[in-house]
Each structure stands twice: as structure tokens, then as C-alpha cells.
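Show me the folded form of this:
(chains A and B)
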Amino acid sequence: MGITTKYWKGVEELKQTPEFLKQRESEFPFQNSIESFLADENLNETSTGRRDFLKFLGFSVAAATLAACEAPVTKAVPYVVKPEDVTPGLATMYASTYYDGLSYASILVKTREARPIFIKGNKDFGFTHGTVNPQIIASVLGLYDSERLNSVRKKGTADSISVNVADGEIIKSLKKAKNIVLLSNTVISPSVKMAIDEFSKVYAENGTSKVNWIQYDAISYDAIRKANLANFGEAFIPSYDFSKAKTIVSIGADFLSTWLLSNEYAAQYGLTRNPDAKWMSKHFQFESIMSITGSNADYRGQIKPSENAAVLAYIIKGLGGNAGYSGSINGDAKLKADQAIKALKNSKNESLVVCGSNNIDEQILTNTLNNLLKAYGTTILPADAVEMFKSDDKQADKLFKDIIAGKGPDVLINLGTNPVYSYANGSELSKGLDKLNMYVSTSRYLDESANVAAFVVPDHHPLESWNDFMPKTTHYAVAQPTIRPLGNTYAVLESILVWAGAKQRGGKDSAVAYDYIKANHNTMFPLEDFAMLTHNSCKSLTSARELPVFKTVGIHAPTKGGGLEVVFYQKSAIRDGAMSSNPWLQEMPDPISKVTWDNYITMNPLQMEEKGFVTTFDQEHGLNMAKVEVNGMSLTLPIYPQPGQAFDTIGIALGYGRGINGEAIGRGAYQTKEYGGFDLDDKGNKKPIGTNLYPYIKLVNGAFSYAYVASMSKVDGEYPIAATQIHHTVMGRDSIVRETSLLTYLKGDRADFNPPHMLQRLNEHGHHEEAPLSEFDLWNAHPIEKVGHRWGMTIDLSSCIGCGNCLIACQSENNVPVVGKDEVRRGREMHWLRIDRYFASDEESAVGKKRDDDNFSYSKAEIAAKNPKVVHMPMMCHHCNHAPCETVCPVAATTHSNEGLNQMTYNRCIGTRYCANNCPYKVRRFNWFNYPSYKKFTEINPAQDDLGRMVLNPDVTVRTRGVMEKCSLCVQRIQSTKLAAKKEARTIVDGEFATACSESCPTNAIIVGDWNDSKSNILKSSGDKRAYQALEEVGIKPNIWYKVKVRNEEVQA
Amino acid sequence: MEISNIQQVTRSLVFRLSFFVIALALSPMFAFAQGEALFKSKCASCHQIHKNGTGPMLSGARQRWADAGEAELIIKWVQNNAALRAGGKSKRAAAVFKEYAGSQMTVFADLTDDQVNSILDYVDAQPKDDGKAVPGDTGAVDPNAVPGAEEEEGGGLGFIWLIMAVLFVVIILSVGGVRRQLKVASSGDESMDKLSYFEEFKALAWKYRTISGLVGLVVVIAVLVIIFKGLYTINIMEGYQPSQPIAFPHDRHAGVNGIDCKYCHNSVTKSKSAGLPTVNVCMNCHKQINGQGKPFEGEIKKIYAAAGWDPSIKPAGGYKYMKKENPIVWNKVHVLPDHVYFNHSQHVVVGGIDCKQCHGDMTKMNEAAKVQPIEELNKVDGNIKLSKATLTMGWCIECHGAKEVAIGDGKNGYYDEIHRRLKKDKNLYKKYLDNDGKITANELGGWECAKCHY
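The predicted model follows:
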């Protein structure tokens, strides 16, 4: 070791600059300490002496004492006439249906004192089988957004006007108009369709209607429909059945999170991921960004978006078909494609190929491949068409171009779409809309598009209105309101009927929509009871559609790739941006990047290093900025190191940059300052979070494309990023994550994939011997195994797809505060449940498994592989029976119950934070501030306004500053389950108790229950050969088990 | 539910044994208790025993039907009056219906013939000269139950002590003064006079330093104890009695008229909140009982105003519905902090706790409702006797420590299952649960934090 390597802290040290030498002398080099830290100029002028402090202390103690003696008078106001199904203090569940143009699910809405507080999936009815997505769960918060319009607006007036005045003006212009356009999201409501039909008939001249109805969605799936039109002669989107697919090949389709009916697919996919079942699906993903779906794939090929067609063509050729095209693909992807061909040959028609791109030719190739596999009829069900996503890109594009050119219709009625935000030329479109003779919007917010409308007649929130839906040709559902409309809003259905002159406004308690929907139902199903349908929320129909005949068609020459390609993708929380003002969703860490509150460019860190970008960041250090040029325009965003991103590609998420002119779209969509208040730009406008990508989207071969050739350059500036996990790898610690391949697992030797943890001890002869951990114990056993209940949970890492439903459901159920970007950046996020995401490094054969025990390099293990495997691991309080947190609490604020719960008593806690320091899982959260009242959180915490507070669960305490909190295993639900059983004098049925997380899991990865119940699912699951406990060697005996992740790979691991 | 009703009634029967000697001789005790319980829970909201109200008075009802020659049909009438009227065979039924201007009686199809008879037996056995039943009476107040008597006594005692202490100090000072004068006079030492009282006291204390040290210690400890005891009384809600918008006499409703608590506070068996009666529940009776000419007429008019009736206009057919409802804004009496979860149904249904245990004997409470001090609660017959102040956590857990839970008696499947699991380990069972031969709420986890705090 002759060479002494010297490390410099920076260039300054190397050059020994005078500033550096001066700073080196002092312990705290930066002189702007306390005052600037407190950021209060007035502080310099004040001087608070010790005596003053004592005076204040004495006064506050006395004042507090006196104040405490005075009991505040609380009012109690009973109903005048009690509604039959509302009992104060009892929750009522209503079956309903959620549809917002993007997501669809059969849901149950929990109401307390007649206000909705929680949404979960309806497991008993509907094809979504109880699955939801983060947006659906969080939509309940949107109901209580105080920036939602609560009355009719007329352009140019700040005050609201009467709806009758607006109706009069609108009808007057409709009567005069020569051409009328109705612009809506895809309408799946038979009643709304019928009302539009009525409307079209009313406004007709010489038998031809003057009304043109255009459906337009921000996210387009037009290519699938157009491809089917070419192949089958009919534009439709089929139903997919992933549960029957033994081999799944996805070309960039994020079908577990954002693609089509992803919640339905997630449930189906979950069914095929059980290694103990007869077969386990084999999942191939070829993609550029690291998507949730890609992170779950057994084989993942990294390709550029321009290679999509080539991969499809290669597989078609491999299966003996003719694609009519061949392109080059990179070597690694080719290896994966060969594997895919092998698997597809084995599974034949029990295979499914899906493609996420909105390119007609690529979709035609996908159809060709599926037809070759004979997947139609088994995994693809064209007879059961999805009635959603009927946006016609060309038609919408023409309409907007006409409006911009001043050739727009006389009257445009916009039924809630937001093209000014989601169309390429938004700002020009806004000017064009402004010039129309009459432009009416039914938007719920005064958003980008509604801002210039002559009249805005706001629609109800989905939880406030009656609706009927036909999401598929074989499914009929209704949505019932769960609360009386909060503001003076009007159902779209009613508005259309009123404007058609068919109905009169029904006032605040209008039954117009209800009567119309019910009458429609009774016409369609004369023998059936509408009340029963409302109770169930939906029913299945039989389809008369026949399997269409496949016709081979040729394709255009695919678009050329470039040196660098950009993919515009959707994040699972923000998606198309319609709900980007929802603070729960903004603060939900992205399942893959773990970044909150931000929009960024993703790039592979290995390539970033080559290009000179920083690849690490933390509380003090931000990320570099980069300028991306796409389609002749440029945007500047921070550049985030995303392991697994294909080389020479970057990804940017859609849905950001809402409210560029400071529109009132909800406070969560804007940037806030470090000590509260909106961050304003030079013009005094609120700064939106991130950049809007829709302006960069254009029609390519007749459909909006989401991938382009781009160029990128580094620009000056550093950008702070708030991520909940900044370390990517697990570094060989197999006691946290355990992973194996199906081959190894099926061989059945537990020691190979789930070895027990061994410790050394002295035996009676004084020799060392190894014994399993279960034989060691520092404490006497807590008597939970015999007494009453023992609540526990198992989490199957094989099924967990990392979608984040559990996190949002937990936030909704347990009143978890929103803390904002600045606090998350400081590591003070409050989520009780987090999902740790680990990437494998080249030093590991599988996540957590050292490739070579002797030459393991920890510094290399810190770097994620170029194409890493991924594990998602939900992490919450483990309710350890020998909990380290309990032993260090000086005031016994955290104690153990005889039911195995680690109880946190807020009113006892004095905030020493010893418990958090002693927690091996780092799941305890400290209330650094009074989030429901401190000014820093006014803009982001919904609990700070009277309306937003209505979403709080009254059974869970809102925690105050200075106390610790953590997952309680939904103890309020445990208690109410027990009470229900006691009142009915019966035992608790297994499955009756569910936590918010287990209930929201689309793949049933989370199982909870009573471990002491000999027949319980949890007892069986925790005794499984795949079950292990994280950090078991610490000896803390948690009540949470994980189950080893099994990948369906052809290798031993 | 029925079980706990009967238990409650049985206890009150024993208490008022003297009233019922004759009645007891006539009918078996069980049937009689059943009659009273059924009367209170099903009939008392509309019927009084000796006075016509929303419905006719019940005493003598059987006789009146017999006089009309339809003695058998009264049973049918009670069980399903609508069916009887519809049948058209009963003249008496039509007459009663007409007399009460077509106001419908609730159908009690679940009552058996025996149960109806037990109710009628009970009402007929009630002596008419029961002083409590006279309308307009302010209600008999039990002199022993005057609240606050002990408090005054206690306060008076403290005051006397204070006066005595002041007197004592004055005497000591004056005696000391006299002694000093005498000392100066006798010794002629002028320097002695220059010493202030304080300096003299210091000198004296130094002289007897052991004793004064000990006394000082005792004084310091006493002061600390007093301060802490004082701090512990902060925010104790005992005796809290906010004013109410309507002077509601519980004694008249629950006491004189014997309306079951659960009739008005009807979510007590279902929900965490017992619930205040909604105005429509009030109107079930007060549609008829308008208190005309009585001192409390104004109070009842407030209910009419709340229900949307106009109390100022009274046409011949009754008050007029104005469709402008005004909910009554009550002041909450029992207020728990937000970090406490309390569920009424858990205590009433599962625990079988009588309302009296925490709310005292409301049948005797003429004034606005208040948080009963623990001394008052302890006086109520049948209550578990506790020592900590009402509505404090000490009070809760004291009761959880005392209240026995019936476990493994085959009556509640939930507790039977818990019992079965506990018995698996005999030693543990003995150690944790059975050391005193009984199983209390706390031994089943009733003292654990997350039972109430989450």
C-alpha cells in the first residue's frame, strides 16, 4: 500500500482558496445560522433575555392552567326528523360506481353522519372484483375541495348568477345556432347518451341535427380502436383476461397501473402469480421507462420506443408468422424476446400480448401476434367490448384546429373536458374558445378551459350524483349519491335535458337525473327492480356480439428512431393530471422513483454518469437540470436517476403543470414556499408543479403519440427533490428481502430459498453450535399466543405489485396528515405505511442475495444494475412482541396489548422520539408541527379548512404537534369488529376484520387476521414455507410476516 | 336486551316493594315485572296510566272493552290495531280510532297474548292515588338526593378551618407581642426591642433547629401535596350543568311517565353515541300533550317551533305546520376529549351496564341534566361503587377493574371462544385471570391503552 489516496471535499480544497482556508477554521462554516434559519428579520431587533423567558414561562403556565379550568361549551344538534338510515356514530356503506373518464370501479362508499369519508372496492359485485386505484380512493378528498365551483359562473363576473338566467341565455343561443358541438369525455352512461340524443333531435333543421357530439379524452387509446377497425372492421377495445394468460408479453403497456382498466387487470394478474398454484404466469415486459408493470416482470427487456415494432415483428417471425416488417433490436432485448418466443410456443392460446403505445401500426402488429397465438376468445374477449376510451384523436384535433382558426361552432358545450390543458396548442385554443359565440362548460372547477366559458354550470362531484354506466357491453351499473350536493351544482344529465327543453331544473334536491335514469332502467329491464340494482350497484348482461373475423392488413413503415428518445408516461397517482390538485396523490411517493410532489426527467443513472449529471441527492443536495427539446419546443426539468431506464431513452410524466395562469383548480396543484404560502412568479401568478407535456404531443399517423425523438442538454441550476427513499439497493441483506426463482422454489428445499436464521451458542459440552433463532430469547414471552386474539399480517412479496393503493387507503382511513414537499425532503413524511422498493445490483444474483459471499463489494452493491430486478416491500409497524420501542419510552406511551398490538397512546406521549430511534424498521412518525393549524401547511393540508376537515375519520384521533404516531393495525377496525361480534354473541369470522391496506390490495397480497384462531387464513399463511420475518435476527418477534418473492425464471437462484 | 331490561326492573321492584304488596299477591312476580318493562318500553311514550294523552289512558282499558262486549278483541287491538279496524268487526276499535281523530297506533305484532295481558295486569294494578301521577306537580324530590349538599358541607368545613387558622396566627402573634413587651419590661434590655419579628423568629428557629427543620419539611411536603391535589382537580367535570334551550325535566318523562331511557336515546344500543332525541320523537307524544295553561306551556311551544309548527296560530284542528324547521341546539353535558373513544352500545349491550351507573337516577332529576358527582352515583342503588371523580380516566379504569365479565357461561359466543382459548393453558389462566376467582374487564384487556385511545 505504497500509495496514499487523498480525497478532496471539493475543488476549493484542492486549490486551497482563501475562502476555503478561512472556512476550515470554524466548526460551522456558514455564518447565517440562527436568524436566517428562523427566516424572520424582526428577530434581529428583539432580544429575549433569560428573565423574559422565565416571565413568559411563568405566565404561560398560569394562563394554561386558568384556561384549562374553563370548559368550552359544546353544542349538540339532533335532527328534526331523523333519516332512517343515518344513526350518529354509525358508519353506513353505500354500493356505488366510480367513473371519471379514466378509471372505473364498483365501489363501496363509507359515510359517517351522512358524509362520505372512505372509498373501497366492492368485492361482491362488478367485474373489477373489489379493486380500485389510488385516484379512486383519493377522490373522496376531492369532494371536499373548497375551490370546487359551488354555483353558476358568468364570464367577467365574480359573483355567481342564477342557473335559470344562464339556462335562458344558453337556450337562446342554441336556438339561434347553425351548428352546435357537444364535447365530452367518453360517455359510458346510457342515460346521458339518450339525453344527448334527445338534445340532438331538438336542435335539428330539416331532419338533420345541428349537433355534433365529439368524445375526447386526455389520454388516447385511439390506436387500439383503429387497429381493430383495420383488422376486424369494427373500432372497439376488447376485454382482456390476464387470469388465463400463462405467458404475458407487454410492449410498454403499464397494465398494472395506468393502462386501460388496470385495476381489473391487476386482480387478474394477481391470480396468476401464486407459485403454489398449478401454474404461474410468465411475464415478459419490453419497455423504455421503468414502469410498475415492468418492475414486476419475470423478464424485462430494455428497448427504445422506436423498437416496439421490431420486437413485435421479431416475435411474430419467431412464431412462424409474417409481420411484413423487420427491424433491428438490441442484443439484450433479443435474448429476452427469444425467451418470450419459447414461452409463447409452450402456452399457445393461453397467452396474451399487449402493447401500450398509441401507434396504429404497432397495435396492428400486436393484433397479428395475438391472432397467431389464437388468443382471441381465450385471453382476449372481443365480444365483451370495453365501452370506455372512445376518444377520436383526428376528430378532436380537427375541432380544436377549427376553433383556433376561428371556424369553430356557434355553440360549444364542453361537458367537463379540459382541452386547453390537455391539447397541444392550449393557449391558442383558449383564445379561440374565447371568441366563440357561446361557449358553455360544465366543469367542476374554474379550470384552464372553463376560465373562458361564457357560462360555467358546474357538475356534481361523482359522489353527489346519480349516474348509470355501461363500461362494457356486458355490464350495467349505477352510481348513487352518498351526500346531498355541497354547493349549487347541477348534474350534467339534468343540464343537457334542460338545455334540450325536455325538463325543468329540479332545484337543490333535484330528482331529474334520478327519474330519468330510473325510467331508462325500467324501459331496458321492465321486469327488474331499480332499488335492488342500486343496492348491488351493478349487474351482468349477456352480449349478443359475435367474435369478429380477423383480417390481415399491412402496416406503414414504422417511425424512425433517434439518438435519444423520450417517452411521455403516466404516473399511478397523477395520471392525466385531472386530479393533480389532490394533495394525497401529490404526496404519494411514485411507486418506482419514490419522488413526491414533482415532475422530472428519468434517465438511467449509469448513462447519467457518462453525461456528467449527478446521480445522488439528499436533503441538502438537489439534482441537475436538463433541457429537453422535443418537436421543436423545449422544456427544462430536473433529471432523476432511474435505474432500469433503457439507455438512450428518457421518460417524463404527464399530468403536471396544471393551472399555468393560476386558475382555481385546487391548492394542491401549486408550489409552496418553505414557510407556507404559494410560491409566486414575477407576474404574481401561482407557480404550477412541473411542466405540462401535452403541448408537445402531436398526431403521428392519425393518433396522438406519446414517444418522440428528442435531444437533451445540461443546464445550470440545482433542483431540490423530495423522495421518500433515496437509497436504491438492499446490499445483500437477505434478512430483509428474500427472493427466489420458481425452479428453486418448486424443488421444495426450504433451506435454498428461505433458510432459518442461525445463531452461535455454547452447548452443554462447551462447544460452539448453531441453533435457529427461535431458540434464543432475551425476554420472557409475552402471553399473546394463548390469550384471546393475536392480530397479525402476512404480505406476499410475490403478489405485491407496488401499486400504492394501500398507502392512500391508509392515509384516508387514519387521518394521516399531508406535509408538503419541503418536509418530505427533510425525511418527515407521515405515511404510516410505505412501500420500500429495492433494485438489484450486479453484486447480487437476486435482490438481497449475494452473488459471491467472499468477494462481495459493498460499494459496488450500492449501484443498481443496468437492468435491475425490482422488489416492492410494504413496510409498516411490525407490532413486535418484543418491541424495542416499548422498552425505551420513559412515560409508557407505547405499550403492548395482549392481542399482540403495539399500542401508541398519543395523549401520553411527550415526544422524546426514543422509540423512533430504537425502531429497526423506521416506521414511527413524529409530528414535528401542528399540521392542522400551522401556516406552513395551509395550502396543502386539507385538514386546514372547514370543508376539507369533513373527510377525517371520526374514529381516529387527529394527532397534535410533539407526539409520535405509527401504524395501529387499524385498531379502530379491530375494536369495531370485536364489538359487532360481542353484540351479536358470536365468534369473529375469519376475514371479517380487514385493515385499510389489506382491503385495498388488488392482488390480495396482504392478509390480516387473528393468529390465535386455529382456522384462520393468517395462521396458515404465516406458517407457509415461504413465510419469513424481516430483520428476524434482531429477536423482536414481529407479528408481521413476509412471503418470499418467487420469479418465474428459467434459472436457479 | 330483554334480559337486561328485566334485571333492571327486578331491582326497582325490590326497592318499591311496599307499593305492590296487593299486586304481588295477585300475579306472579315475573309476569308482573314483564308487564312493567313492556309498558315502559312500548306503551309509555304514548299512553299514561290514569290520564288520556296521545292515546287513551290504559287503566281500565280492559274493562272498557269488556263493557263494549268485545273483551277478547283488546288483545288483537294491541297486537295489530290496523288489521282489527280493517276487519270491520269491532265497533269499539272504530270508536277509539274516531275519538283520536284517526291518529294511528303503532302495530306490535311481536307481542304475544300473554305479554299483552301482563301489560294490562300491570296498568290495572297501579293505584290511582299515586301522588307522582298528578299532572302539574313538580315531581316528588327525594330529600336525600339533593345534589350539592355534601359539597356545601365540605366547603363550609374548609372555611371554618381557614378562620381557625387565621385566629390561631393572630393569637400566636398577640401572645408573642405581649411576651416581648414583658421581656423588654422585665430585662430592660433595649436592644431586644430593635429586633424585628422576623429576626426574632430566625433566632428562635435556629435555637430549635431540629424541630423547626422537621416542621419545615412537613410544611413543604404538605404544600406540594396540596398543589398536586389542586392540579388534579383541573378540568374535572363533576357537577357541570350547562343551561339548556328547553327546560327539560327528566323526572317527568323518565320518572312520572316511566318512559324508557332508550325510547328517546334510541341509538344507545346501536352506536357509540346514545343520541339526543330528534324532534320527531318528541312530537310522538307532544302532538297531544301541549301543556295548555300549565306553567311549562312555553317550553313545549319551543318543540313546536323546532318541528316547524307555528305555536302562535292554533286553529281548531291543531297547530299548523309551517315547514320551517329549526333544530334545537342543546348544550352537550358529557363531553369527552377527542382522544378518547367511548362506545355506549359496548357498555349497554355487551356490558349490560345500566344508564344509572354513569348518569345517576334521572327519574329524580328535575333540573337540566348535569354530570353527576361520584358521590351521587354511589348513592344509586345497584351501582358499582367507585371513588374517582366522574368522567375522569381514573373513574373509567376503576370501573373496568371492578366490573365482572360473564365469560364462558354459554350465553355469548364471543366470550365462550375467548374462554376456550384461555383454558388451553391452565397455569396462565390462573395467573392472569383467575387469581381472585373472578374475571373483570381489565383482565380481558380493559386497561390497555388502545381500548379507548386510538
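
Could you name the helices and strands sitting against the helix or strand hosting residue A:624?
Element membership of residue A:624 [criterion: DSSP states H and E] is strand A:623-630. Where contact means 3 or more Cβ pairs under 8 Å, 6 or more residues apart in numbering or on different chains; DSSP states H and E, strand A:623-630 is packed against strand A:633-641, strand A:707-719. All C-beta atoms are positioned from the backbone trio N, CA, C, and that covers glycine.

relative to strand A:633-641, how tilted is it?
Relative orientation of strand A:623-630 versus strand A:633-641 (axes from the mean of the first three to the mean of the last three Cα atoms, to 10 degrees): 140 degrees.

Which positions in strand A:623-630 come out as buried?
Neighbour counts over strand A:623-630 (16 or more other Cβ atoms under 10 Å in any protein chain shown) mark A:623-626, A:628-630 as buried.

Check which helix or strand residue B:104 maps to.
Assessed by DSSP H and E, residue B:104 sits outside every helix and strand.

Now it. Nearest residue, chain neighbours left out?
Once flanking residues are discounted, residue B:104 sits nearest to residue B:82: 7.0 Å by Cβ to Cβ, 6 or more residues apart in numbering or on different chains.

which of the residues in the strand or helix carrying the one you found are buried?
Assigned by DSSP H and E, residue B:82 belongs to helix B:81-87. Applying a neighbour-count criterion of 16+ other Cβ under 10 Å, the buried positions in helix B:81-87 are B:81, B:84-85.

can you give me the strands in chain B?
Secondary structure of chain B by DSSP state E: the strands cover B:309-310, B:320-321, B:330-331.

where in chain A is pLDDT low?
Scanning chain A for pLDDT under 70 picks out A:1-71, A:781-786, A:1052-1053.

Let me see the domain layout of it.
A:1-73, A:152-219+A:391-524, A:222-303+A:316-328+A:353-379, A:564-719, A:739-883+A:969-1047 (automatic domain parsing).

Just say which of those is most tucked in.
Among the domains of chain A, domain A:222-303+A:316-328+A:353-379 has the highest mean neighbour count (mean count of other Cβ atoms under 10 Å in any protein chain shown), at a mean of 23.

First-to-last residue distance for that one?
End-to-end distance for domain A:222-303+A:316-328+A:353-379, by Cα to Cα, to the nearest Å: 21 Å.

and if you look at stretch A:659-676?
Stretch A:659-676 stretches 19 Å from its first residue to its last (Cα to Cα).

picking that back up, which one among the buried residues of strand A:623-630 gets closest to residue B:430?
Set against residue B:430, the nearest of the buried residues of strand A:623-630 by Cβ to Cβ is residue A:623 (63.6 Å).

ok, which stretches of the stretch 301-450 of chain B are helices?
Counting by DSSP state H, counting those that start in this stretch, one finds helices in the stretch 301-450 of chain B at the ranges B:344-345, B:356-359, B:374-379, B:393-402, B:413-422, B:426-432.

Please apply the same query to the stretch 101-250 of chain B.
Ranges of helices in the stretch 101-250 of chain B, per DSSP H, counting those that start in this stretch, are B:113-124, B:149-187, B:190-194, B:197-207, B:209-232, B:250.

For these, which has the smallest mean pLDDT value?
Note on the helices of the stretch 101-250 of chain B: helix B:190-194 shows the lowest mean pLDDT, a mean of 59.

Which single residue of the stretch 501-650 of chain A ends up nearest chain B?
Proximity of the stretch 501-650 of chain A to chain B (Cβ to the nearest Cβ) peaks at residue A:509, 13.9 Å away.

and the stretch 251-400 of chain B, which residues reach chain A?
B:267, B:270-273, B:275-281, B:306-308, B:325-332, B:335, B:337-339, B:341, B:343, B:345-346, B:349-350 (Cβ under 8 Å from any Cβ of the partner chain).

Report the buried members of the residues you listed.
Buried by 16+ other Cβ under 10 Å: B:267, B:270-273, B:275-279, B:281, B:306-308, B:325, B:328, B:330-332, B:335, B:339, B:341, B:343, B:345-346, B:349-350, out of those.

Distance of residue A:541 relative to residue A:99?
17 Å (Cβ to Cβ, to the nearest Å).

what about these two, which has more around it?
Neighbours were counted for residue A:541 and for residue A:99 using other Cβ atoms under 10 Å in any protein chain shown; residue A:99 has more, 22 against 14.

and the more buried one, what are its bridge partners?
Beta-bridge pairing for residue A:99 (DSSP bridges): residue A:104.

Which residues are in contact with it?
A:188, A:388, A:462, A:467, A:469, A:471, A:479 (Cβ atoms under 8 Å, 6 or more residues apart in numbering or on different chains).

Select from the residues you listed every entry located in strands.
Mapping these onto strands (DSSP E) picks out A:467, A:469, A:471, A:479.

Turn those into a markdown table, columns for distance to chain B.
Output for the ones in strands among the contacts of residue A:99, formatted as a markdown table (distance: Cβ to the nearest Cβ, whole Å):
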| residue | distance to chain B |
| --- | --- |
| A:467 | 30 |
| A:469 | 33 |
| A:471 | 36 |
| A:479 | 27 |
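
From chain B, how far off is the spatially closest residue to residue A:179 that is not a sequence neighbour?
With Cβ to Cβ, 6+ apart as the criterion, residue A:179 has its nearest non-adjacent residue at 4.7 Å, and that residue is residue A:409. Distance of residue A:409 to chain B, given as Cβ to the nearest Cβ, to the nearest Å: 45 Å.

ok, residue A:409 - contacts?
Residue A:409 is in contact with A:177, A:179-181, A:212, A:402, A:436, counting by Cβ under 8 Å, 6+ apart.

part of a helix, is it?
No - under DSSP: H, G, I helix; E, B strand; the rest coil, residue A:409 falls outside any helix and is assigned coil.

and it, backbone torsions?
As for residue A:409, its main-chain torsions (degrees, to the nearest 10) stand at phi -70, psi 160.

Just flag the most distant two among the contacts of residue A:409.
Longest span within those, Cβ to Cβ: A:177 and A:402, 15.0 Å.

Could you report the pLDDT at the closest residue to residue B:266 other than its chain neighbours?
Distance criterion Cβ to Cβ, 6+ apart; nearest residue to residue B:266, sequence neighbours excluded, is residue B:275 at 6.2 Å. At residue B:275, the model reports a pLDDT of 89.

Please report how far residue B:275 lies from residue B:269.
Note on residue B:275: its distance to residue B:269, by Cβ to Cβ, is 10 Å.

ditto for residue B:286
24 Å.

what about the two, which has more around it?
When neighbours are counted by other Cβ under 10 Å, residue B:286 comes out ahead of the other of residue B:286 and residue B:269, with 19 against 15.
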